[in-house]
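In: My questions concern the predicted model and sequence given below.
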Amino acid sequence: MMDSQENVLNNEAQLEETNSQPVAEEEVKVEETVVKEETEETPAAEETVAKEEAPAEVAEEPVAEESADAEPAKKVFATKQEVIERLKELAHGDESPTKEEVDLLKTTFYKLHFAQREAEMKAYLEGGGDPEKYSVLPDEDEEVFKAEMGIVKEKRAKIFLEQEQEKQENLKKKLDIIEKIKGMATSPEEANKNFQEFKKLQQEWKEIRLVPADKANELWRNYQLYVEQYYDLLKLNSEAREYDFKKNLEIKKRLCEAAEKLAEETDVISAFHQLQKLHQEYRETGPVAKDLREEMWARFKAASTVINKKHQQHFDDLRSKEEENLARKTELCEKVEAIAKEENKSAGDWERHTKQIIDLQTEWKTIGFAPQKMNVKIFERFRAACDDFFGRKAEFFKDMKAKFAENADRKRALIEQAKALQDSTEWKSTSDKLIALQKEWKTIGMVPKRLGDQLWNEFLGACNKFFEARNAANQGTRTAERENLQKKRDVISQLKALAEEAGENIQEKVQQLVDEYQTIGHVPFKDKDKLYKEYHEVLDKLYKDLNISTARRRLDNFKSNIKNMAERGGDVLDNERARLMRRYEGLKQEIQTYENNLGFLNAASKKGSSLIDEMNRKVQKLKDDCELVRQKIKAIDAENTEE
């Protein structure tokens, strides 16, 4: 039979001291989730006995540190269909879905879902698709996924309720066991008599698992108290006790070896879960000889410590990597937000920034998960910046497309006008109209290149048709204009020669040449202004010289005739003077009118230089005539004074 103290040690084995290892309940999130999962997992403390200090004289048994983040090795799903098939197995099979696997399925599905949607949009845009017409198509797989996930959630909720009910029932059973052991521990006789019943109650206690977390510690302390009291009263024979010790020692040695071998396991998560099973078996194994207890405990504890440290280091590394990923993703968010704020004045700007953002999206996909509490938030921030950019890009191209359509309509209207003029033979006026249409064409904005080339070729064809016909018709005219140019140059040469001569009949010759010049037709346009200037310069010189000499002769002749008019009587001179005064006033009025008109022409246009020159010559001639009349009046007044 076993010694009472040995069984006390067996049943008092509990978890490590709270301050000796990392907190078991600390949750490490290692998966990126797209949609927040409701928290309905049973607390870890409900599955294991809470840690408490053992009595000073009793050695504690090592307990593996359980963690809410501990999870089996994750299966890798390559497609959404694989995720859905596994979800259907959980939803409709007998297997109980765990929170870890449900989170993994949800994370994997939405990662594949978003990657597929972004790839479809990218392929559409790279294929020349219109951004404003792109729309996200419904995903039937997502609907199936949501439906099956709903079933799984209901199943998990049902399991949770069943577990809660089971915990209450297990609490009642363990309380009954404690009461029974308490009754057995009333006297040594009762203890020896009921030993087999006691062993049976111990086995029942081991088989009962989950209890409410808030009752676990108190329940365990009471159980240990009465078991200890029972063993204090129990008198077992030495032979049975030694046999029990030997059997327990073999079991615990095997457990120590198994725990030590776990140090070679490369999968730290799997090693951790295997260690949990070894701890459960170690707790359920009875005591060994007193002189071996500390040795066995130290060996098992040392092996457990190695696995626990590797397990904790694994999640520390995960946390560190997730924080690094969060920093990288935050940096990408800032870059996308900065690009989205930049001004885009043209389609080229939009395309350049689009390429930059797509490159950042590609880089994002190479970065692993961020901490779970931030993973969804950082993804939403990144996606919001991208959506903002692409939304404004779609609006820009929508407006640009409308502007293109408006520009195309305006150009088509000009094409219709050009086609209406292409067969005209009104060379000058039609040329002016077509040139005006070409200038207006240049003021119209852009249209898509292919359509723009088509419209321009159509417009240019109509213009060219007219100008080619005009050029063909004007071919003969150019020859005549060159001949006229030579004729006018001959006349100008003769006028220049007359300007160097002197004679009585020079005025008549000048007039003949002027009349001849006027009868000559048009000259080439490029020579027109130069020829006009040369002609009028020599003509002005001739007229100036002719006017001076003519006016002098006419005044001398008038003075010679004054005496004859005086001899005919005083009334003749008075009448002549009155006529000259009327002529003088009339000339002054005419000069003023011309000068007023000249003022208007100078202010209104820079293109009236030839007309202005002609009017200036007329004004000068009128002034010369006016001066001659004034001299005649003065001569009459001098004659009257002499009389």
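Out: Good, I have the coordinates.
In: tell me the SS of residue 76?
Out: For residue 76, the assignment made with DSSP: H, G, I helix; E, B strand; the rest coil gives coil.
In: pLDDT value on it, please?
Out: Looking at residue 76, its pLDDT reads 80.
In: pLDDT of stretch 165-180, averaged?
Out: Stretch 165-180 shows a mean pLDDT of 89.
In: again but with stretch 385-401, I slipped
Out: 88.
In: and if you look at stretch 144-158?
Out: For stretch 144-158, mean pLDDT is 88.
In: And stretch 527-545, by the same measure?
Out: The pLDDT scores in stretch 527-545 average 78.
In: contact partners of it?
Out: Contact with stretch 527-545 is made by 485, 488-489, 491-492, 495-496, 498-499, 506, 510, 514, 517, 522-523, 610, 613, 617, 621, as judged by C-beta atoms under 8 Å, 6 or more residues apart in numbering. Placement of C-beta: from N, CA and C, glycine included.
In: ok, how many other residues are close to residue 197?
Out: 12 (other C-beta atoms under 10 Å).
In: ditto for residue 369
Out: Other residues lying near residue 369 total 21 when counted by other C-beta under 10 Å.
In: hmm, back to that, for ChimeraX, what selects the buried ones among the contacts of stretch 527-545?
Out: The ChimeraX selection below is limited to those of the contacts of stretch 527-545 classed as buried (16 or more other C-beta atoms under 10 Å):
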select :485,488,491,492,495,498,499,506,510,517,523
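In: Which of the contacts of stretch 527-545 fall within helices?
Out: Among the contacts of stretch 527-545, DSSP state H puts 485, 488-489, 491-492, 495-496, 498-499, 506, 510, 514, 517, 610, 613, 617, 621 in helices.
In: so where's the stretch 401-550 of the chain shaky on pLDDT?
Out: Residues of the stretch 401-550 of the chain that meet the criterion pLDDT under 70 lie in 475-477, 502-505, 543, 546-550.
In: Helices of the stretch 101-250 of the chain, start to end?
Out: 140-184, 188-193, 195-207, 213-233, 238-261 (DSSP state H, counting those that start in this stretch).
In: Export these as a markdown table, with columns for distance to residue 126.
Out: Output for the helices of the stretch 101-250 of the chain, formatted as a markdown table (distance: least, C-beta to C-beta, whole Å):
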| stretch | distance to residue 126 |
| --- | --- |
| helix 140-184 | 24 |
| helix 188-193 | 84 |
| helix 195-207 | 64 |
| helix 213-233 | 56 |
| helix 238-261 | 55 |
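In: of all the ones you listed, which lies closest to residue 431?
Out: With C-beta to C-beta, the closest approach to residue 431 among those belongs to helix 140-184: 66.6 Å.
In: Could you check how far the closest one is from the centre of its chain?
Out: Offset of helix 140-184 from its chain centre (C-alpha atoms, centre = their mean, to the nearest Å): 49 Å.
In: change the start of the numbering to 20 and stick with it
Out: All right, first residue 20 from here; so that's helix 159-203.
In: and it, what other elements does it pack with?
Out: Contact partners of helix 159-203 among helices and strands, from 3 or more C-beta pairs under 8 Å, 6 or more residues apart in numbering; DSSP states H and E: helix 99-111, helix 118-145, helix 207-212, helix 214-226, helix 232-252.
In: so for stretch 127-144, what's the average pLDDT?
Out: Mean pLDDT, stretch 127-144: 84.
In: With adjacent residues omitted, what lies nearest to residue 303?
Out: Using C-beta to C-beta, 6 or more residues apart in numbering and skipping residues adjacent in sequence, the residue nearest residue 303 is residue 225, 5.1 Å away.
In: Count the neighbours of that neighbour for me.
Out: Residue 225: 12 surrounding residues under other C-beta under 10 Å.
In: Against residue 299, how distant is it?
Out: 9 Å (C-beta to C-beta, to the nearest Å).
In: and what of residue 364?
Out: Distance, residue 364 to residue 299, using C-beta to C-beta: 70 Å.
In: of these two, who's got more company?
Out: Shown here are residue 364 and residue 299; by other C-beta under 10 Å, residue 299 has more neighbours (15 against 8).
In: does the more buried one sit in a helix or strand, and which one?
Out: Using DSSP states H and E, the element containing residue 299 is helix 287-303.
In: Show the subsequent helix or strand relative to that helix.
Out: Toward the C-terminus, helix 287-303 is succeeded by helix 309-360 as the next helix or strand (DSSP H and E).
In: could you give the mean pLDDT of that following helix?
Out: Here the average pLDDT along helix 309-360 is 90.
In: Packing partners of it?
Out: Applying 3+ C-beta pairs under 8 Å, 6+ apart, we find helix 309-360 packed against helix 23-31, helix 257-280, helix 287-303, helix 366-384, helix 391-440.
In: shouldn't residue 234 be in contact with residue 190?
Out: Yes: with contact defined as C-beta atoms under 8 Å, residue 234 counts as touching residue 190 (5.7 Å).
In: other SSEs contacting whatever helix or strand residue 470 lives in?
Out: Counting by DSSP H and E, the element that carries residue 470 is helix 468-492. Helices and strands touching helix 468-492, as assessed by 3+ C-beta pairs under 8 Å, 6+ apart, comprise helix 391-440, helix 446-462.
In: I'd like to know which of the ones you listed lies nearest to residue 480.
Out: Closest to residue 480 of these, according to C-beta to C-beta: helix 391-440, at 8.6 Å.
In: mind checking how far that closest one is from the chain centre?
Out: Distance of helix 391-440 from the chain centroid (C-alpha atoms, centre = their mean) equals 12 Å.
In: same check, this time on stretch 300-307
Out: The answer for stretch 300-307 is 65 Å, by C-alpha atoms, centre = their mean.
In: Using PDB, write out every CA atom in that stretch.
Out: Only the C-alpha atoms of stretch 300-307 are listed here, as PDB (Å, rounded to 0.1, in the frame of the first residue of the first chain):
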ATOM      1  CA  GLU A 300       0.200  12.200 -17.000                       C
ATOM      2  CA  TYR A 301       2.800  13.300 -14.400                       C
ATOM      3  CA  ARG A 302       0.100  14.800 -12.200                       C
ATOM      4  CA  GLU A 303      -2.000  11.700 -12.400                       C
ATOM      5  CA  THR A 304       1.000   9.400 -11.500                       C
ATOM      6  CA  GLY A 305       1.400   8.500  -7.800                       C
ATOM      7  CA  PRO A 306       4.400   9.400  -5.600                       C
ATOM      8  CA  VAL A 307       7.800   7.700  -5.500                       C
END
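In: Can you mark which positions in that stretch are buried?
Out: Under the neighbour-count criterion of 16+ other C-beta under 10 Å, stretch 300-307 has 301, 302, 303, 304, 305, 306, 307 buried.
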